[in-house]
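In: need a 3D model of the following:
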Amino acid sequence: MLPSLARVRVEAEARPTEDVERVKRAILNVFAPDRIWVEDLGRDYRLVVAESYSLRGLLRLHERLRRERILDAARGYMLRGIDQGVLVFRLNKQAAYVGRVSLVDMDAEAALGPITFIVEHRDPRAVVDWLAPPTRMGRPLYENPMPED
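Out: Residues are numbered from 1 along each chain as shown. Predicted structure coming up:
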């Protein structure tokens, strides 16, 4: 069997005033990783990192985007985040902690820093088409299957 061609890395900084377990919970509310760990950045800052070696890790986000009916907004953010075979987008950490999805353009838009998704896939546009297809009157025009890893 060939190794997976997809990798999803999710990162969120835990600042000195934040509980690392809450930052982990924020990530786990929107992402199902194969592994998750904490790196010490010094000066009481930590980086919570989660990885999935398959797009299946994004299924929670896929479902939440539909439940919250924010496919068009999410699609716009995600399409702007494609560069050289990599898709990068950010979610508001506080919203994710309570199970909501709120995309942010810049780190400054999230008071405690964002959750950053880095999706490596041979066809990032296909990943966006699966996660956030275009809509008409709030309904997806199509539902693509999850792209193959």
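In: wait, Arg75 sits on Val127?
Out: No: under the criterion of CB atoms under 8 Å, Arg75 lies out of contact with Val127, with a separation of 11.3 Å. Just so you know, the C-beta spots here come from the backbone N, C-alpha and C atoms, and that holds for glycine as well.
In: for the two, indicate the residue with more neighbours.
Out: Each of Arg75 and Val127 had its neighbours counted (other CB atoms under 10 Å), and the higher figure belongs to Val127 (23 against 18).
In: which one is the more buried one nearest to, not counting chain neighbours?
Out: Distances taken as CB to CB, 6 or more residues apart in numbering place His121 nearest to Val127, at 5.2 Å, with adjacent residues excluded.
In: now Glu120. Its backbone dihedrals?
Out: phi -100, psi 120 (degrees, to the nearest 10).
In: what is the neighbour count of it?
Out: Counted by other CB under 10 Å, the residues lying close to Glu120 total 16.
In: that one and Pro33, how far apart?
Out: According to CB to CB, to the nearest Å, Glu120 stands 14 Å off from Pro33.
In: contacts only, for the residue most central in space within the chain.
Out: Per CA atoms, centre = their mean, the C-alpha nearest to the average position across the chain is that of Phe117, at 4.1 Å. Contacts here follow CB atoms under 8 Å, 6 or more residues apart in numbering; on that basis Phe117 touches 8-10, 31, 61, 87-91.
In: now rank the residues you listed by neighbours and give me the top one.
Out: Greatest neighbour count in those, by other CB under 10 Å, goes to Leu91: 28 neighbours.
In: CA atoms of the helix or strand hosting the residue nearest to the centre of the chain as CSV?
Out: Here Phe117, judged by DSSP states H and E, is contained in strand 114-120. Once non-C-alpha atoms are left out, strand 114-120 reads as follows in CSV (Å, rounded to 0.1, in the frame of the first residue of the first chain):
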residue,chain,number,x,y,z
PRO,A,114,-5.9,31.4,15.7
ILE,A,115,-6.0,27.7,15.0
THR,A,116,-4.0,27.3,11.8
PHE,A,117,-4.7,24.5,9.4
ILE,A,118,-2.0,23.5,6.9
VAL,A,119,-3.3,21.0,4.4
GLU,A,120,-0.8,19.3,2.0
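In: let's test this: mean pLDDT of that strand, rounded?
Out: Per-residue pLDDT values over strand 114-120 give a mean of 97.
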